[in-house]
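Colleague: need coordinates for the following:
(chains A and B)
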Amino acid sequence: MPFEALVAGCLAYVALMFGVAFAADRAASRGKAGWLDHPAVYTLSLSVYCSAWTFYGAVGYASRSGLEFATIYLGPTIVFTGAWWVLRRLVRVARMHHVTSIADLVSARFGKSNRLAALVTLIAVIAATPYVALQLQSVSLSFEVFATDSLADIPMGGSGGTALWVAAGLALFTIVFGTRNLAADERHHGVVTAIALEALVKLLAFLALGIFVVWGLADGPGDMLDRIEETASSPGHDGWILKPDRWTALIIVSGAAIIALPRMFQVLVVEAADEDRLAVAGWAFPAYLFAMSLFVLPIAVMGRQLLPPDANPDLYVLTLPAHAGQNWLAFLVFLGGFSAATSMVVVCTIALSTMISNHWLTPLWLMLRRKPQSGDPEDLRGFVLNARRLAILAVMAVGWVYYRASGGAATLASMGLVAFTGMAQVLPAMIGGLLWRGANRHGAYAGVGTGFLLWLALIFLPSVGIGSPPALPPGVDPLAFAIFLSLTLNTLAFIAMSIFGMPDPVERLQGLSFVSAVDPVRHSRVARGSDQAEPLLVMARRVWGAEDALRFFQSEAAFQGKSGYLPDLTPRFLTRLERRLAGSIGAATAHAMIDSVAGGSELTVSDLMQVATEARRAKEETQRLENARAELARTARQLQEANDKLTALSVQKDAFLGQISHELRTPMTSVRAFSEILRTPDLSPADRDRFAGIIYDESGRLTRLLDDLLDLSVLESGQAQLSVTPANLHDLIERALSAASATRPERVFRVEREPLSEYVGVITDADRLLQVLINVISNARKYCDAEPPVLTIRVRRTLRGGAQIDIIDNGSGIETARQALIFEKFARLNDPARAGGAGLGLAICKEIMANLGGEITYLPGQGGAAFRIVLPRRPPVPVNAGLRQA
Amino acid sequence: MLDILMIEDEPNIAEAVRFILSREGWQVALHGDGLGGIEAIRGAKPRLVILDVMLPHRSGTEILAELRGDHDPSLAATPVLMLTARGQAGLEMPQADAVLAKPFANNDLRAMVRRMLV
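Modeller: Residues are numbered from 1 along each chain as shown, chains lettered A, B, ... in the order given. Below is the predicted model of the structure:
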């Protein structure tokens, strides 16, 4: 393939990436980010893990060391499948604190210490620069493959010119799409979408090559396995022997790298909208890694078998298809490798530039600016953006210089491992800070510092040819030894210093927030600072630009119920401001800035105690108020219920009094009228007698009514004294019938009885029961309208030793609608003139039966009026019986 | 023409009222139930109706309303004296010409009826 066509193809591909990134950014800024937020895009963006090292270097690695290359896939797979909850926690906490980078996370956790962030940034820069150089080298090398038609004499160094162009192009892309704005959440939709697309190209290219190798060059999987076996067992492949110590160490560092590498942290945590997308990524990303690793060994084996021995194994993926004359496949693979390299460089550069500008340049600038410089227009926003751009250019330039200086002598894989092991040193402090409240800044310094120095001495410096690893006894692998030693001492130092060192107050709060994954508690910085929000607004304007800052302040003021744009410096406001700022310039810097402006200084332990006390008191107060409120609501409800009951009772009472009034006034009217009439002089003796008789009858009616009322009130109140004795129902019915026959009207009733069944003994108040029987029988005598009237009385023993008495007449009975009312007070039916009573009879019966522990009910459908009286074997013992006896 | 029609379910009270008013020279007829009360009024066309409030089957207030709504204007305008055993609470009856609470003084009854008839 001619070099010009290759360059043209490359440029077209780069243009496509620019286009995709641009379109995604536009869509996001218009709020149409729906598909951009799809978990698939997130998962694919994670594949930035598979850099050129993986794409080219894995085959080289496999060619040299057999299956050991698989460790770099196994580590992340184990983390994603086994420690997904750590990832979720990490993403949640990071989103909560608007974390912008791994350095920011560590500093935010450990007291917002910027020095710690600066140290982590240093490690990241030192570890990542060679890694960036590696990507440039891979692109450059792959160009050479196409530029020179001979496979054997490819120079290791490649051409510096190509790498320079590539570096410049990537710097431009990164600056354009990586520093478009200073958004609070620091997400880059354009970049993420572009690298998701590149992830697809990578995968497609690698799978296409793998299929070509297995089915095109070899004769399918069977033949392929034979060839692998053959190569593995051929002499001179000591490197293919599995070494447990190296495997363990490599799995650990690659597992650490998937979290701690700056670019991985960027896509995994910073670009994650929320933790839920990890649910998809949790299986999809390991699947992606599996697909990427599937054909590594076949390609490596075929390369060794088909290509000249002096061909660079790191370039087998390109040289194999080229050797077989598959130019288009080779070009596709080239694009895949190009994608791998460029996506890694872009994301890594963004992450590094964020760290450098937030933790190196901005604090430095703030420190210099702290001296008053009146009249000098400070534009922090412009400064931060420019600092990032500068940092991007610097990282790219240093990478290029490193690549030129090293001459590309190092194998690709070893440069990747240097970066992995370097960033792994941050992991103990990070994970410890996430899971252990006791972790503190002293531990973090000690751990990260120890790990950093050991890494420098044992891994980094030897890798660039300065110094050499210490002499080790034979059989001990230098890399595994360095990894174990540095990580172990790192972790031990971290734990030890965390235990012995005192955490500062901010740290305690942050520790609580990180470990519990809850919103951080804000301290009462407001107590000290100036009470003016203006300086804060001026500062925020510098970071976000005038419009955004003013909008934020206005909405906060509105939230506090104030007009204008200057809210009170409440803890809530300061917390929100700080977190918004942290999203743009990092937690530590934001903390320092607000402190410097709002005038607060370091927080002391006593302050913290006061905050805690206030918080607890406020919480208690809230709880107390809540309890009081609930109590009040309960009381109000009870009052309402009582009132409803009283109202209902009052309505009942009014009705009752109205009835009583009527029942009393009616006989009284006759009494009064006739007693006046009796005074008329010319009355005939017959009239006089009759009128006196009426007065006598009516006064008797009054007395009966008063007796009934009194009786009812005693029965209803439950104060009725029962004289309980054994009684025989037959005797009681006899007495009732004879008593009732004395009442008017004097009619001859036929009574049908079953005398034998009436001999039922019960224990009850015989007089009260007799009262009920007389009442029911008299009612029948009064109301039964049949001719001749017949009264049927049936007695049955009930199952529980009680008895039931049915009293049925052959009249027309009681209408269904009124059956429910007959036991109510004053429920007079039919012709009251014939009743002669006040309508209290059945109400009294009902109360008596209740007192006796039984009941009286109306039996519908018996032909005439029918009542059933049910008696228990003995009356229940009243609750207060014992009391009364005492 | 009938002077007074009384609708009252308590026979003793009815007898007392009739005795008192008859001695004044008025002719008094009696109907003992709410049921058929309005028909009795229509049939007798009395100069005055004495109406008990608490009647079985059909209350005095209902009969009064029916009377006031009668299509014969002269019948609808018949003076009505209500008797109530509800005490003071029962005295608010806008459609009645007079209300007398039970028990009443015989002189009050006489005076009220005289005022309404003369």
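
Colleague: who in chain B is up against chain A?
Modeller: B:9-13, B:15-17, B:19-20, B:23, B:32, B:54, B:56, B:85-87, B:89, B:101-106 (CB under 8 Å from any CB of the partner chain). In this view, the C-beta of every residue, glycine as well, is placed from N, C-alpha and C.

Colleague: what do you get if the cut-off is 7 Å, keeping everything else the same?
Modeller: Residues of chain B lying near chain A by CB under 7 Å from any CB of the partner chain: B:9-13, B:16, B:19-20, B:54, B:56, B:85-87, B:102-103, B:106.

Colleague: need the buried ones from the residues you listed selected in PyMOL.
Modeller: Remark: buried members of these, expressed as a PyMOL selection using 16 or more other CB atoms under 10 Å in any protein chain shown:
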select buried, chain B and resi 9+10+12+13+16+19+20+54+56+85+86+102+103+106
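
Colleague: in helices only, show me the residues of chain B next to chain A.
Modeller: Judged by DSSP state H, the subset of the residues of chain B next to chain A located in helices is B:11-13, B:16, B:19-20, B:106.

Colleague: contacts only, for A:Leu479.
Modeller: Contacts for A:Leu479 (CB atoms under 7 Å, 6 or more residues apart in numbering or on different chains) come out as A:246, A:249.

Colleague: mind running it again at 8 Å?
Modeller: For A:Leu479, the contacting residues are A:246, A:249, A:417, A:459, by CB atoms under 8 Å, 6 or more residues apart in numbering or on different chains.

Colleague: near chain B, from those residues?
Modeller: Taking CB under 8 Å from any CB as the test, chain B is in contact with none of the contacts of A:Leu479.

Colleague: in the stretch 301-450 of chain A, where is pLDDT below threshold?
Modeller: Scanning the stretch 301-450 of chain A with the threshold set as pLDDT under 70 gives A:369-381, A:406-413.

Colleague: all helices in it, in order from the N-terminus.
Modeller: Counting by DSSP state H, counting those that start in this stretch, the stretch 301-450 of chain A has helices at residues A:316-323, A:327-355, A:362-369, A:380-406, A:412-424, A:427-435, A:441-455.

Colleague: got TSV for those, with distance to A:Leu705 and mean neighbour count too?
Modeller: Putting the helices of the stretch 301-450 of chain A into TSV (distance: least, CB to CB, whole Å; neighbours: other CB atoms under 10 Å in any protein chain shown) gives the following:
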stretch	distance to A:Leu705	mean neighbour count
helix A:316-323	115	25
helix A:327-355	98	26
helix A:362-369	99	16
helix A:380-406	96	20
helix A:412-424	101	26
helix A:427-435	86	23
helix A:441-455	93	24
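
Colleague: which of the residues of chain B next to chain A sit farthest apart?
Modeller: Pairwise distances across those peak at 25.6 Å for B:Pro56 and B:Asn106 (criterion: CB to CB).

Colleague: skip the chain neighbours and tell me the closest residue to B:Arg58.
Modeller: In this structure, B:Arg58 finds its nearest non-sequential neighbour in B:Gly34, 3.1 Å apart by CB to CB, 6 or more residues apart in numbering or on different chains.

Colleague: from memory the one you found sits against B:Thr61, does it?
Modeller: No: look at B:Gly34 against B:Thr61 with CB atoms under 8 Å: they stay out of range, at 10.1 Å.

Colleague: could you check which of those two has the larger neighbour count?
Modeller: B:Gly34 (21 against 18; other CB atoms under 10 Å in any protein chain shown).

Colleague: helix, strand or coil for B:Leu51?
Modeller: strand (DSSP: H, G, I helix; E, B strand; the rest coil).

Colleague: tell me the confidence at it?
Modeller: Per-residue confidence at B:Leu51 stands at 92 (pLDDT).

Colleague: for it, give me its contacts.
Modeller: B:6-7, B:37, B:60, B:63-64, B:80-83, B:96.

Colleague: please apply the same query to A:Leu197.
Modeller: Applying CB under 8 Å, 6+ apart, we find A:Leu197 in contact with A:17, A:20, A:44.

Colleague: and it, backbone torsions?
Modeller: For A:Leu197, the backbone dihedrals are phi -70, psi -40 (criterion: degrees, to the nearest 10).

Colleague: give me the phi and psi for residue 98.
Modeller: Reading this off chain A. Backbone torsions for A:His98, taken as degrees, to the nearest 10, come to phi 50, psi 50.

Colleague: oops, chain B please
Modeller: When read as degrees, to the nearest 10, the backbone of B:Ala98 gives phi -160, psi 150.

Colleague: do you know how far the closest residue to it other than its chain neighbours is from B:Ile50?
Modeller: Among residues not flanking B:Ala98 along the chain, B:Leu81 sits closest, at 4.7 Å (CB to CB, 6+ apart). According to CB to CB, to the nearest Å, B:Leu81 and B:Ile50 sit 5 Å apart.

Colleague: common neighbours of these two, please.
Modeller: With CB under 8 Å, 6+ apart, B:Leu81 and B:Ile50 have common neighbours B:Val113.

Colleague: neighbour-wise, which of those two wins?
Modeller: Shown here are B:Leu81 and B:Ile50; by other CB under 10 Å, B:Ile50 has more neighbours (28 against 20).

Colleague: give me the domain ranges for chain A.
Modeller: A:3-368+A:384-407, A:522-603, A:607-696, A:721-885 (automatic domain parsing).

Colleague: what about the longest one, distance to the chain center?
Modeller: In other words, domain A:3-368+A:384-407. The chain centre lies 33 Å from the centre of domain A:3-368+A:384-407; the measure is CA atoms, centre = their mean, to the nearest Å.

Colleague: give me the number of residues near residue 72?
Modeller: Unless you meant another one, I'm taking chain A. 28.

Colleague: actually chain B
Modeller: Number of residues near B:Asp72 (other CB under 10 Å) recorded here: 11.

Colleague: so in terms of bridging, what pairs with the residue nearest in space to the middle of chain B?
Modeller: Most central in chain B under CA atoms, centre = their mean is B:Ile50, positioned 1.1 Å from the mean C-alpha point. Per DSSP bridges, the residues bridged to B:Ile50 are B:Met6, B:Leu81.

Colleague: residues contacting it?
Modeller: Taking CB under 8 Å, 6+ apart, one finds B:4-8, B:17, B:80-81, B:83, B:113 in contact with B:Ile50.

Colleague: could I get the residues you listed as TSV with pLDDT?
Modeller: Formatted as TSV, the contacts of B:Ile50 follow (pLDDT from 0 to 100):
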residue	pLDDT
B:Ile4	93
B:Leu5	94
B:Met6	94
B:Ile7	93
B:Glu8	91
B:Val17	94
B:Val80	94
B:Leu81	93
B:Leu83	91
B:Val113	93
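
Colleague: PyMOL command to pick out the buried ones of the residues you listed?
Modeller: If you want just the buried ones from these in PyMOL, going by 16+ other CB under 10 Å, the selection is:
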select buried, chain B and resi 4+5+6+7+8+17+80+81+83+113
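
Colleague: what's the closest of the contacts of B:Ile50 to chain A?
Modeller: Distance to chain A, by CB to the nearest CB, is smallest for B:Val17 among the contacts of B:Ile50, at 7.3 Å.

Colleague: and for the chain, the residue most distant from the center?
Modeller: All of this is about chain A. In chain A, the greatest distance from the average C-alpha position (CA atoms, centre = their mean) is reached by A:Asp682, at 101.0 Å.

Colleague: the chain in question should be chain B.
Modeller: B:His71 (19.9 Å).

Colleague: confidence score at it?
Modeller: 89.

Colleague: kindly report the same for B:Ile63.
Modeller: Predicted confidence (pLDDT) for B:Ile63: 92.

Colleague: next: A:Ala527.
Modeller: pLDDT for A:Ala527: 40.

Colleague: before we move on, what about A:Ala843?
Modeller: pLDDT at A:Ala843 comes out at 86.

Colleague: what secondary structure does the residue farthest from the centre of chain A sit in?
Modeller: coil.

Colleague: quick one, phi/psi of it?
Modeller: Backbone geometry at A:Asp682, expressed as degrees, to the nearest 10, gives phi -100, psi 40.

Colleague: repeat for A:Leu871
Modeller: According to degrees, to the nearest 10, the main-chain angles of A:Leu871 amount to phi -120, psi 140.
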